[in-house]
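> Sequence isn't available, so here's the structure alone:
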């Protein structure tokens with residue numbers, strides 16, 4: 001397979017993962033958010049908060065972190081994933097998503113927690129990689145990384161200067 005074909009195949013697989021994982025994650029967030037909100041007392045205004053706020057917050061935080069990371073990859077600078085605020089936002093989304101998944105069932109169990117973690121992980125990964133998958137520079141970055149690997153120096157980056 002040619003390099004161009006391999007790069008196209010990578011982009012297709014990224015979009016397939018995004019197209020499958022993200023909608024399932026968002027629908028799941030609305031459903032478990034609704035069920036979790038129903039556990040609150042009747043008349044409590046906060047009942048609407050999980051299903052209404054959790055999906056947009058998850059999209060915003062995950063895509064924002066992915067965009068910030070992708071811009072640093074393009075610039076060849078230190079990964080912003082080392083920044084505490086980015087990691088904190090991703091951990092917040094993951095923890096609240098898994099919590100809602102577990103809290104939404106009548107009989108929480110380890111399997112429910114694992115399912116919640118799996119759906120959360122796949123959805124967050126899909127959201128995180130949207131900026132990279134949509135970027136026209138993706139093939140250039142992969143070629144640059146591969147050239148660095150072939151040269152035996154590892155990926156080109158800010159520490160190489």
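All right, it came through fine. Computed from a predicted model, the values in this text were never measured in an experiment.

> how about the residue nearest to residue 57 when sequence neighbours are not counted, what does it touch?
Of all residues not flanking residue 57 in the chain, residue 93 sits nearest, at 6.7 Å (C-beta to C-beta, 6 or more residues apart in numbering). (Each C-beta comes from the backbone N, C-alpha and C, glycine too.) Residue 93 makes contact with 57, 58, 61, 62, 120, 124, according to C-beta atoms under 8 Å, 6 or more residues apart in numbering.

> What about those residues, which are in helices?
Within the contacts of residue 93, residues falling in helices by DSSP state H are 57, 58, 61, 62, 120, 124.

> circling back to that earlier point, name the residues of the host helix or strand of the residue nearest to residue 57 that come out as buried.
Under the criterion of DSSP states H and E, residue 93 resides in helix 84-103. Residues of helix 84-103 classed as buried by neighbour count (16 or more other C-beta atoms under 10 Å): 86, 89-90, 93-94, 96-103.

> JSON lines please, covering those and showing distance to residue 111.
Listed next are the buried residues of helix 84-103 as JSON lines, based on distance: C-beta to C-beta, whole Å:
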{"residue": "86", "distance to residue 111": "31"}
{"residue": "89", "distance to residue 111": "28"}
{"residue": "90", "distance to residue 111": "24"}
{"residue": "93", "distance to residue 111": "22"}
{"residue": "94", "distance to residue 111": "18"}
{"residue": "96", "distance to residue 111": "20"}
{"residue": "97", "distance to residue 111": "16"}
{"residue": "98", "distance to residue 111": "13"}
{"residue": "99", "distance to residue 111": "16"}
{"residue": "100", "distance to residue 111": "16"}
{"residue": "101", "distance to residue 111": "11"}
{"residue": "102", "distance to residue 111": "10"}
{"residue": "103", "distance to residue 111": "15"}
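
> Return the closest of these with respect to residue 10.
If you rank these by distance to residue 10 using C-beta to C-beta, residue 90 comes first, at 23.4 Å.

> can I assume that closest one is in contact with residue 124?
Yes - with contact defined as C-beta atoms under 8 Å, residue 90 counts as touching residue 124 (7.0 Å).
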